[in-house]
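Participant: Here is the input, now give the coordinates:
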Amino acid sequence: MVIHVFMKHASISFATIAFLLLNIPVLAQSTYNINSSANWSSSLPSPCSACTINIGSGVTLTVDQTAVCQNCTFNGGAVSITSHTFNMQSSGGQSTSFSGTNLVASGTAKVNLNAPVSLTNAIFTFYNTSSLTTANSLSLTSSTIYLEDNTTMTSNGNFLTAIRLLDASRIVIGSGSLTSSASFTDNGPLLMVYDNSSVAVANQNNVYYNSSDYLYQQNASASIFTARIYSSSGLNLNCGGGYAHACSSPSLYGPATVASGVTSGAVLPIVLDGLTAELNANHTISLRWNTQMEMNFSHFTIQRSADGANWEDIGTVQAKGNSSVRVDYDYTDEQPLTGTNYYRLALVNLDDTYTYSDVKVLQEARITKVSFYPNPARDFVNVSIGGEKAGQVRVLLTSIGGQLMQEKTAAAGNGQVVSFPIRDLSAGMYVLSVVHADGTLESSPVMIAH
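Facilitator: Residues are numbered from 1 along each chain as shown. Just a heads-up that it's a prediction; the model follows:
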């Protein structure tokens, strides 16, 4: 149902909407130049007040503690957060901005926007069970928020804490994986969609919930009188008989797109399922996946990253193209990086449009042929101990805070594998360590995801 603003929604005044279009300048007083990858704790104060943070190309700033940024400006680079909390706060109504920055949150990371925040040519990606919560206005210009795996975005407030999507910006809920239950819940802020922007819901296990109406205007610079308000009652799609979830308006399940009205239809060229990454005994890494459906689809580009933010293409797999049955695919990385390897697929359509799969992470440590796998782990985590150093070794599994969870001893030697059962441990980040007889230590973070 389409409702003209002036006639049916007098409570949303044009003065109020005009107020939402104002940009409040950020007054930065301290400048930090991050020219090589670094941790927040060693590079920036917390709270960081009125800070301009310039991050070099290919450089990652890792939030390794609970961090607070007040009236900050981020330029370029990447910000990585794993199982920590990142709070953005405001003083005097000033905003925090991200320009050309890729933010990657994983594990149980929490990103809290308690200030007006603007994204320009930026990408925010959330994996595992990480979350994004907004309690103030959020503006995206040529930017995208990806909600992968079982992540959540929750926006609280009212019309004055609006979410504005400008210049082909998107909020993408789910990657197409059937196991993803990512969601976006709007508890009051006015969603304002402009310039071919949209909210995309990948499949029937992903959901967009909006308890209020939303505004659509094709051209943000046009007269406000051309704007329209769409009723949230139109969100009741892809639910009920034959679907995974019962209908509960205003919950919108995918595949669907929210723009100039709500349309039910595929937002991805394929339905992807079963993406896995496995470390082999010869130190190669095998990726396997399948599709349940393909429509006018071209190929997969395999991408790898050392930090989850900066990606390189390492291979291509041609797709079947059009199919309504399961098709299996695989790819082997013959020369993975030493250390952490992040993998994802770019799903490329025949018209060159594309989206990304969820991300898989594996740790490959080869300093003394000690390998930790799989990562993330679910039932067991394994440590393979090579033979370059003789003698007895201690293998430790500790919490991220240093608490010893399990310990085993083993003789160093080719083919020796130590396994830890982890079903009874809580999901989150842990550390695996191998202590050699000569006192040297090798450690690796491991994510336990049940």
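Participant: Can you list the low-confidence ranges for the stretch 201-350 of the chain?
Facilitator: Applying pLDDT under 70 to the stretch 201-350 of the chain flags residues 232-235, 264-271, 324, 339.
Participant: whoops, the stretch 351-450 of the chain was the one
Facilitator: 363-370, 386-390, 412-415, 438-441, 450.
Participant: got the residue ranges for the strands in it?
Facilitator: 354-356, 360-364, 370-373, 380-385, 392-399, 404-411, 416-421, 428-435, 441-448 (DSSP state E, counting those that start in this stretch).
Participant: who wins for proximity to Gln303 among these?
Facilitator: Among these, strand 354-356 comes nearest to Gln303, with 8.0 Å by CB to CB. For every residue, glycine as well, the C-beta is placed using N, CA and C.
Participant: before we move on, back to that, wait, which of the strands of the stretch 351-450 of the chain is closest to Asn33?
Facilitator: strand 441-448 (27.2 Å).
Participant: Please parse the protein into its domains.
Facilitator: Domain assignment for the chain by automatic domain parsing gives 2-264, 270-362, 365-448.
Participant: most tightly surrounded among these?
Facilitator: domain 2-264 (a mean of 19; mean count of other CB atoms under 10 Å).
Participant: one step back: could you redo the strands of the stretch 351-450 of the chain as CSV and give each row distance to Met88?
Facilitator: CSV is the format used below for the strands of the stretch 351-450 of the chain (distance: least, CB to CB, whole Å):
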stretch, distance to Met88
strand 354-356, 25
strand 360-364, 26
strand 370-373, 34
strand 380-385, 34
strand 392-399, 28
strand 404-411, 33
strand 416-421, 37
strand 428-435, 22
strand 441-448, 25
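Participant: Leaving aside the residues adjacent along the chain, what's closest to Val417?
Facilitator: Using CB to CB, 6 or more residues apart in numbering and skipping the chain neighbours, the partner closest in space to Val417 is Ser384 (5.1 Å).
Participant: now swap in Thr152 and tell me
Facilitator: Ser131 (4.7 Å).
Participant: need the contact list for the residue positioned nearest the centre of the chain.
Facilitator: Nearest residue to the geometric centre of the chain (CA atoms, centre = their mean): Phe126, 1.9 Å. Each residue near Phe126 by CB atoms under 8 Å, 6 or more residues apart in numbering is listed here: 105-106, 109, 111, 132, 145-149, 151, 153, 182.
Participant: which one of these is nearest Gly402?
Facilitator: Relative to Gly402, the closest of the contacts of Phe126 is Ala109; by CB to CB it sits at 19.9 Å.
Participant: distance of the closest one from Val359?
Facilitator: Going from Ala109 to Val359 by CB to CB, to the nearest Å gives 14 Å.
Participant: swap in Ser155?
Facilitator: Ser155 is 24 Å from Val359, by CB to CB.
Participant: same thing with Thr409?
Facilitator: To Val359, Thr409 is 34 Å away according to CB to CB.
Participant: just Ala437 next, same as before
Facilitator: 37 Å.
Participant: next one: Ser106
Facilitator: Distance, Ser106 to Val359, by CB to CB: 8 Å.
Participant: who touches both of those two?
Facilitator: Here Ser106 and Val359 share the contacting residues 127, 308, scored by CB under 8 Å, 6+ apart.
Participant: Output stretch 299-312 as PDB - backbone C-alpha positions only.
Facilitator: These are the backbone C-alpha positions of stretch 299-312, laid out as PDB (Å, rounded to 0.1, in the frame of the first residue of the first chain):
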ATOM      1  CA  HIS A 299      31.100 -18.000 -12.300                       C
ATOM      2  CA  PHE A 300      32.700 -18.000  -8.900                       C
ATOM      3  CA  THR A 301      35.800 -15.900  -8.100                       C
ATOM      4  CA  ILE A 302      37.700 -17.300  -5.100                       C
ATOM      5  CA  GLN A 303      39.100 -14.600  -2.900                       C
ATOM      6  CA  ARG A 304      41.600 -14.800   0.000                       C
ATOM      7  CA  SER A 305      42.600 -12.300   2.700                       C
ATOM      8  CA  ALA A 306      45.100 -12.200   5.500                       C
ATOM      9  CA  ASP A 307      43.000  -9.900   7.700                       C
ATOM     10  CA  GLY A 308      39.300 -10.300   6.600                       C
ATOM     11  CA  ALA A 309      39.300  -6.800   5.100                       C
ATOM     12  CA  ASN A 310      41.700  -6.700   2.200                       C
ATOM     13  CA  TRP A 311      41.000  -9.300  -0.500                       C
ATOM     14  CA  GLU A 312      42.800 -10.800  -3.500                       C
END
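Participant: Run the chain-centre distance for it.
Facilitator: 14 Å (CA atoms, centre = their mean, to the nearest Å).
Participant: residues making contact with it?
Facilitator: Outside stretch 299-312, the residues that touch it by CB under 8 Å, 6+ apart are 37, 58, 60, 78-80, 102-104, 106, 127, 287, 313-319, 329, 331, 333, 336-337, 339-348, 354, 359, 361.
Participant: What about those residues, which are in helices?
Facilitator: Using DSSP state H, no member of the contacts of stretch 299-312 falls within helices.
Participant: Okay, and which of the residues you listed map to strands?
Facilitator: Judged by DSSP state E, the subset of the contacts of stretch 299-312 located in strands is 60, 78-80, 102-104, 106, 287, 313-318, 329, 331, 333, 339-348, 354, 361.
Participant: and the closest residue to Ser137 other than its chain neighbours, what does it touch?
Facilitator: Closest residue in space to Ser137, ignoring its immediate chain neighbours: Pro116 at 4.6 Å, by CB to CB, 6+ apart. For Pro116, the contact set (CB under 8 Å, 6+ apart) comprises 24, 90, 93-96, 136-139.
Participant: Helix or strand for His299, just tell me which one.
Facilitator: Taking DSSP states H and E as the definition, His299 sits inside strand 297-305.
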